[in-house]
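Student: What follows is a predicted structure for the sequence shown.
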Amino acid sequence: MAKLYFYYASMNAGKSTTLLQADFNYRERGMATMLWTAALDGRGEHHAIESRIGLGADARRFDTATDLWEAVCACHAATPLSCVLIDEAQFLTPSQVWQCARLADFAGIPVLCFGLRTDFRGDLFSGSGALLGVADKLVELKAVCHCGRKATMNLRVDGSGEPIHDGAQTLIGGNERYVPLCRRHFCEAMHGWT
Ligand SMILES: Nc1ncnc2c1ncn2[C@@H]1O[C@H](COP(=O)(O)OP(=O)(O)O)[C@@H](O)[C@H]1O
Ligand SMILES: Cc1cn([C@H]2C[C@H](O)[C@@H](COP(=O)(O)O)O2)c(=O)[nH]c1=O
Ligand SMILES: [Zn+2]
């Protein structure tokens, strides 16, 4: 049975790296894959998906209107796919997450989603919430806080490194905008708790 996987973590945990390694692993065995990432995240300089470690690959881009069931089935009919890999999966809509489940259950294609669990306030992204509810396998990847604990949270910072408390959920950026922290240090920065 094909499965729906959700690899979740804070930023800088190696999600894109793990996705690109999995893709390479399939392709070096002659198996076809299909890669996706969010249209709204255009940070890659050379490729649609880029990891901080320097790996990259091209990918299709999804927005809220993309029908993943239709798009993947059309590709699968032309070239049978062994796997679908989706980066920035926190930006999927809940119905797109159900399309991923349908791909696993009814088309027999494993779908591996990679994304953030929570936003800069500690709230679930809707795509991540749906994946946590629906995926067959939940796999936590780990970044490290400056204290050595597991970094599960993402602090949004301004140009001076000061915490940002309010704003839109979506704000594209990298290390200059977000700091992965353990919950204790996240709460210290956000609420002044000691
Ligand atoms: N030059 C480098 N050499 C080795 N590892 C690196 C380098 N730059 C960043 N990394 C590591 O790459 C990881 C981030 O990978 P990435 O796939 O971009 O994360 P994510 O997609 O989760 O944000 C971190 O563990 C970071 O320490
Ligand atoms: C916490 C948080 C993140 N984002 C954005 C910032 C980046 O563009 C991506 C995550 O990238 P990565 O591959 O995991 O490094 O998500 C956001 O829009 N809102 C947030 O609260
Ligand atoms: Zn910490």
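Tutor: Right, received. Where do you want to start? Numbers count the residues shown, from 1 in each chain. Ligands and ions are numbered 1, 2, ... in the order given.
Student: Quickly note the distance from L81 to G30.
Tutor: Applying Cβ to Cβ, to the nearest Å, the value for L81 to G30 is 13 Å. Glycine gets a C-beta too; all of them are placed from N, C-alpha and C.
Student: The two: who's more crowded?
Tutor: Between L81 and G30, L81 has the larger neighbour count (other Cβ atoms under 10 Å), namely 22 against 7.
Student: Can you read off the pLDDT for the more buried one?
Tutor: The model reports L81 with a pLDDT of 98.
Student: How about the one 5 residues further on?
Tutor: As summarised for this prediction, I86 has a pLDDT of 98.
Student: Equivalent analysis for the one 10 residues further on, please.
Tutor: The predicted structure scores Q96 at 98 on the pLDDT scale.
Student: Confirm that it sits in a helix.
Tutor: Yes - looking at Q96 with DSSP: H, G, I helix; E, B strand; the rest coil, it is inside a helix.
Student: got a list of what it touches?
Tutor: Taking Cβ atoms under 8 Å, 6 or more residues apart in numbering, we find Q96 in contact with 62, 64, 66, 68, 127.
Student: which SS class is V179?
Tutor: Quick answer, by three-state DSSP: V179 is strand.
Student: and if you look at L85?
Tutor: Assignment for L85 (three-state DSSP): strand.
Student: Can you report how many residues lie near it?
Tutor: Quick note: L85 (other Cβ under 10 Å) scores 26 neighbours.
Student: contacting residues around it?
Tutor: L85 neighbours (Cβ under 8 Å, 6+ apart): 19, 22-23, 33-36, 112, 114.
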